Each structure stands twice: as structure tokens, then as C-alpha cells.
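> Have a look at this prediction, sequence included:
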Amino acid sequence: MANEYGIEHVPGPWECVGESWWFTCYPLGGNKNNVRGASHPLDFHEGANDSFYGGIGMIMIVRYTSTPVGPYDELLYVPGYYNTPHASGSRYRITNIYVSSKETTYNGRRNWNIPKHLAVFNFDKSETTGQTKITVAHPETPDNPFFVAVIKDIPIVSKIGVPLSTSLFPMNLEFHQPNIKAVDTPEGKANGETGTETWQSFQPWMGGKARFVQCVDIKNGNGDGTWPDQVDGVWGAVLRWDPGMKLKFPAGTELPKSNL
């Protein structure tokens with residue numbers, strides 16, 4: 001049954017299949033400053049993201065071929081760790097994210113406080129150069145992407161794929177997401193940009209075959225604050241998860257309300 005947004009609610013857990021590119025963001029001097037556009041200006045209550053701690057951040061691009069709400073594309077930004085009122089240590093946080101489906105926009109926001117917005121994605125692989133150009137644009141300006149990345153294989157290195165899962169990663173991959181605001185516009189309502197009342201925590205899992213590729217060019221932002229114009233310390237080596245990668249999202253755990 002459709003909800004007030006005209007979209008069916010599909011609660012977690014979710015099991016998904018797809019492929020992904022992970023861009024590591026960590027300057028040599030350390031990740032100390034949150035940047036303008038790290039979070040979308042319409043999503044979070046004032047002060048929610050003031051408690052930035054730092055650490056390794058990431059930009060992720062995911063192409064889902066199978067999810068409980070159908071296939072879709074995704075671009076997300078995790079600046080690093082944030083101090084949280086619900087744990088003694090810091091936790092990761094998704095602060096900016098775009099997807100190609102209103103069904104996952106609504107459910108991602110409602111189930112996990114993931115502040116999704118709609119965008120237009122394009123993946124163009126050149127048969128001449130072997131490079132893949134990935135662009136993401138706002139629906140109203142599809143010819144002016146706010147994110148562009150050009151990826152190519154690294155000779156010999158990219159031929160080596162190894163089984164990998166996030167269970168092997170040395171960092172804490174639990175996310176603590178503050179409650180988010182509804183986008184109270186006709187477009188926001190049509191796109192499923194709902195709000196929530198309490199914090200949520202969850203720890204996703206990814207597994208599959210992965211290899212390293214190279215980012216030869218990247219553009220961030222259009223100056224409007226809806227995506228960071230400058231992401232410092234983006235590494236040239238990108239972790240490429242092959243098609244068939246599996247991702248599991250557990251049901252979110254509701255956390256107490258907070259003044260943050």
C-alpha cells in the first residue's frame with residue numbers, strides 16, 4: 001500500500017547486489033575540517049554535524065542491480081567520524097547522498113536517516129581509451145554535473161581481483177545518523193524526501209571481489225552548497241568492487257532523541 005508520498009514503505013533489513021567504486025579521502029596532514037557542502041543544506045537540523053572528529057573519509061559510487069526497491073545508482077559522501085551522544089567513541093556518518101530512484105530516497109530516509117536526494121547518473125565507457133566517465137547531476141540541470149570522475153584500469157594491477165569483505169576492515173563501520181528534516185516543497189514530497197524524529201544506528205556489510213583502479217580526473221561541486229566543492233586528500237587509487245558485490249543493510253536501531 002502506498003504511503004502519503006505515493007511510495008511503498010519497505011523496511012530493513014535489505015540485501016542488495018551491484019558494483020561499486022570507493023574513493024578514499026584522507027589528506028597527508030590528517031582530516032580535521034568539515035567543508036561547505038559536506039551535508040545538504042535542507043536535511044539536518046542546526047548543529048547536527050558540528051561534532052566532526054575526522055579520520056578517513058570516502059566517496060562511494062554504487063550501481064545496484066538488485067534491491068528490495070529495484071535497481072538504482074548512488075553517490076554518497078562520508079566525511080569521516082563524528083562524535084555522537086549515543087556512544088563513548090566517534091562513529092561514521094553519511095552526510096550527503098544522491099540516488100536515481102524516489103523509492104530508495106523515501107525508504108533510505110525513513111529506515112536509516114540516510115538523507116537521500118534524486119539525481120541523474122551517467123556511466124560512459126570509452127572503447128577507445130578504456131576509461132569510464134561517471135557523472136551525477138541535479139534533475140533540473142542534467143547537462144551540468146556537480147560530480148564527475150574519470151576512471152581507468154592500472155596496468156597489471158587492475159587485473160588482480162581478490163575476495164574481500166568489510167568484516168576484514170580495521171575501522172569501526174557502525175553509522176550513527178541524526179534525525180533529518182522533511183523537504184517541505186512539492187518536489188521534495190513527490191520525490192519521497194521525508195523526515196524523521198529520532199537517531200538511527202546501523203552497520204552495513206559489503207563483500208565480493210575487489211581490485212584497484214585509478215582515478216585520473218575528478219570534479220566536486222557546482223558552488224551551490226548541495227555537494228562539497230573541494231574534497232581534500234582524494235587518493236588516486238580507487239577500490240573497485242566487481243559486479244556481483246553483495247551489500248547487507250540491517251534494520252536500523254532507533255536511538256534516543258538528542259539536542260544535537
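Nice, thanks for sending it over.

> could you give the mean pLDDT of stretch 110-120?
In this model, stretch 110-120 carries a mean pLDDT of 98.

> Please disregard the earlier target; I meant stretch 197-207.
The average pLDDT within stretch 197-207 is 96.

> likewise stretch 93-105?
The average of the pLDDT scores along stretch 93-105 is 97.

> can you tell me the helix or strand for the most centrally placed residue in the chain?
Among the residues of the chain, the one closest to the centroid is L76, at 2.1 Å (C-alpha atoms, centre = their mean). Using DSSP states H and E, L76 sits within strand 72-78.

> could you say what helices and strands that strand packs with?
Counting contacts by 3 or more C-beta pairs under 8 Å, 6 or more residues apart in numbering; DSSP states H and E, strand 72-78 packs against strand 57-66, strand 96-99, helix 102-112, strand 120-125. (Glycine included, C-beta is placed from N, CA and C.)

> what angle do the first one and strand 120-125 make?
Using axes from the mean of the first three to the mean of the last three C-alpha atoms, to 10 degrees, the interaxial angle of strand 57-66 with respect to strand 120-125 works out to 90 degrees.

> Any stretches of this protein with poor pLDDT?
1-2, 257-260 (pLDDT under 70).

> mind checking how far D224 is from F146?
8 Å (C-beta to C-beta, to the nearest Å).

> who has more neighbours, those two?
Using other C-beta atoms under 10 Å as the criterion, D224 and F146 rank with F146 on top: 23 against 12.

> Pull the contacting residues for that one.
V136, A137, H138, N220, G221, N222, D224, T226, W227 (C-beta atoms under 8 Å, 6 or more residues apart in numbering).

> cutoff 7 Å now
By C-beta atoms under 7 Å, 6 or more residues apart in numbering, the residues touching F146 are V136, A137, H138, G221, N222, T226, W227.

> before we move on, what about R63?
Applying C-beta under 7 Å, 6+ apart, the residues near R63 are G18, E19, D73.

> and what of G244?
By C-beta under 7 Å, 6+ apart, the residues touching G244 are V17, G208.

> repeat for the one 10 residues further on
Listed by C-beta under 7 Å, 6+ apart, the contact set of E254 reads T198, Q200.

> gap between it and Q203?
15 Å.

> do the same with H9
For H9 relative to Q203 (C-beta to C-beta), the value is 22 Å.

> To D184, which of the helices and strands packed on strand 72-78 lies closest?
The minimum distance between D184 and those falls on helix 102-112, with 13.4 Å, by C-beta to C-beta.

> between the closest one and strand 57-66, how big is the angle?
Going by the same axes, to 10 degrees, helix 102-112 makes 120 degrees with strand 57-66.

> Which other helices and strands does helix 102-112 contact?
strand 116-118 (3 or more C-beta pairs under 7 Å, 6 or more residues apart in numbering; DSSP states H and E).

> let's see 10 Å
strand 14-25, strand 72-78, strand 96-99, strand 116-118, strand 175-177, strand 199-202, strand 234-249 (3 or more C-beta pairs under 10 Å, 6 or more residues apart in numbering; DSSP states H and E).
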